[in-house]
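> Let me see the structure of the following:
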Amino acid sequence: MRVLMAMSGGVDSSVAAGLLVQAGHDVVGVTMKLWGGASDTGCCSVSDVDDARRVAQQLGIDFFVFNFGDDFNRHVVDPYVAAHAAGLTPNPCIECNRHLKFDRFLERATELGFDTVATGHHARVATAPSGSLRVARGADALKDQSYVLSMLTQAELRRVVFPVGHLTKHDVRQEAARLGLRTATKPDSQDVCFITSTKGRSGFLSTRIPLTPGRLVDHNTGEQVGIVPAVQLVTIGQRKGLGLAGDHEPRYAVDVDVPNGIVSVGTADLLLATDVCLGSLAWSDAVVHGPVVVQCSAHGAPVAAVLEQVEQPETSDPPTVMLRFAEPQRKIAPGQSVAFYDAAAPEQVVGSGIAR
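Residues are numbered from 1 along each chain as shown. Here you go, the predicted model:
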């Protein structure tokens with residue numbers, strides 16, 4: 001089988017490539033050059049490209065760099081900036097997977113005559129009783145990445161493999177050491193690749209959109225209790241950085257109104273919600289309504305819920321669903337993704353949506 005292997009320069013994709021070579025596949029390694037600006041985290045630094053190239057040399061496979069910078073800016077960076085300007089909380093890693101790693105990269109693989117693409121994600125591809133394919137949780141619960149792959153459909157799942165999905169992180173590092181790979185002890189990449197650890201999110205956004213002060217207003221009394229330097233940087237559920245430490249009961253951002261420059265703050269009980277409306281829906285196969293298990297962040301705890309169909313007006317508006325939790329949960333910030341898992345097989349993803 002001819003496999004185009006996405007190599008980030010990390011240990012997971014290095015071992016994934018090694019396992020494919022070991023299994024006798026015809027493997028070509030590729031690093032996607034996505035972000036052209038400064039980067040000291042994530043998977044887009046010069047050193048990461050060099051690590052991927054050197055691992056490919058160790059494995060005796062060809063290696064190339066695909067420059068998808070324009071696509072990355074259009075589908076990931078620009079929407080990320082626009083979302084913050086609108087008071088949303090985006091997930092750029094999910095959008096990178098949706099538009100780059102499992103769309104543009106897969107498209108290029110097809111053009112070049114490859115049978116499949118592979119990545120180092122900690123996830124698996126499972127077969128449902130119906131015969132359709134689904135993303136399934138990786139063997140290592142602490143490293144499971146099924147949440148960030150929850151937008152994959154049959155079209156992508158028929159063409160992707162996750163060679164390390166059946167391994168724990170410890171197993172991956174042991175395998176890397178056995179293969180003598182230079183990335184065996186390399187730390188995992190963290191955070192968003194285009195957000196540097198020195199300037200952070202505020203430094204990145206301040207050069208692209210105006211960051212404006214916001215008033216902190218008590219949710220119950222309407223009294224102003226403080227200010228924040230940039231309302232665009234506040235997300236629902238945030239406590240740190242609001243400047244409200246003191247003798248009072250802990251208070252959190254419970255609502256963010258960017259146009260009016262107001263952040264409503266209140267106690268933790270005001271963050272509890274029983275439902276959330278979701279759009280930008282993606283289904284592994286068929287549309288699902290009824291009981292599901294959902295995960296609301298990359299490492300969030302799975303919780304029981306019900307997906308209810310929403311009556312759609314006779315317009316061209318995209319479809320939405322209402323997600324109702326079995327028990328009240330922390331409010332999901334608009335813009336955040338929610339992954340849906342099969343209630344009868346909670347290891348398997350059935351779809352995803354984005355909070356509105």
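> hey, let's count contacts and neighbours off CA atoms from now on
OK.
> helix/strand/coil for V77?
helix (DSSP: H, G, I helix; E, B strand; the rest coil).
> residues in contact with it?
Contacts for V77 were tallied using C-alpha atoms under 8 Å, 6 or more residues apart in numbering; they are P92.
> biggest helix in the chain by residues?
helix 46-59 (DSSP state H).
> next structured bit after it?
Moving toward the C-terminus from helix 46-59, the next helix or strand (DSSP states H and E) is strand 62-67.
> Next, the angle strand 62-67 makes with the longest helix of the chain.
Orientation check (axes from the mean of the first three to the mean of the last three C-alpha atoms, to 10 degrees): helix 46-59 against strand 62-67 gives 160 degrees.
> Distance-wise, check the spatially most central residue of the chain relative to P250.
The centre of the chain sits closest to I94, judged by C-alpha atoms, centre = their mean, with a distance of 3.3 Å. Distance, I94 to P250, using C-alpha to C-alpha, to the nearest Å: 31 Å.
> hang on, the earlier thing: buried sites along the longest helix of the chain?
Within helix 46-59, the residues that count as buried by 16 or more other C-alpha atoms under 10 Å are D48, V49, D51, A52, R53, R54, V55, A56, L59.
> wait, the third one sits on R182?
Spelled out, it's D51. Yes - under the criterion of C-alpha atoms under 8 Å, D51 makes contact with R182 at 7.5 Å.
> what are the ranges of the helices in the stretch 1-150 of the chain?
Along the stretch 1-150 of the chain, counting by DSSP state H, counting those that start in this stretch, helices occupy 11-22, 46-59, 69-72, 78-85, 92-96, 105-111.
> Quick one: residues contacting the closest residue to T168 other than its chain neighbours.
Spatial nearest neighbour of T168, excluding adjacent residues (C-alpha to C-alpha, 6 or more residues apart in numbering): D140 at 4.6 Å. Listed by C-alpha under 8 Å, 6+ apart, the contact partners of D140 are H122, G165, H166, L167, T168, K169.
> one step back: what does the longest helix of the chain contact?
7-10, 14, 18, 21, 29, 31, 62-64, 181-183.
> Got a quick ChimeraX command for the buried subset of those residues?
To isolate the buried members of the contacts of helix 46-59 in ChimeraX, using 16+ other C-alpha under 10 Å:
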select :7,8,9,10,14,18,21,29,31,63,64,181,182,183
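> which one of the contacts of helix 46-59 is nearest Q154?
M7 (23.2 Å; C-alpha to C-alpha).
> Contacts only, for the closest one.
So M7 contacts S13, S14, A17, G29, V30, T31, M32, A52, T119, G120 (C-alpha under 8 Å, 6+ apart).
> possible to save those as TSV with pLDDT?
Formatted as TSV, the contacts of M7 follow (pLDDT from 0 to 100):
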residue	pLDDT
S13	98
S14	98
A17	98
G29	98
V30	98
T31	97
M32	96
A52	97
T119	98
G120	98
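> Bridge partners for I354, pull those for me.
G279, S337 (DSSP bridges).
> State the number of residues packed around it.
Residues lying near I354 (other C-alpha atoms under 10 Å) number 23.
> Contact partners for it?
L278, G279, S280, L281, P334, G335, Q336, S337, V338.
> could you redo the last one with a cut-off of 6 Å?
L278, G279, S280, G335, Q336, S337 (C-alpha atoms under 6 Å, 6 or more residues apart in numbering).
> Sounds good, over and out.
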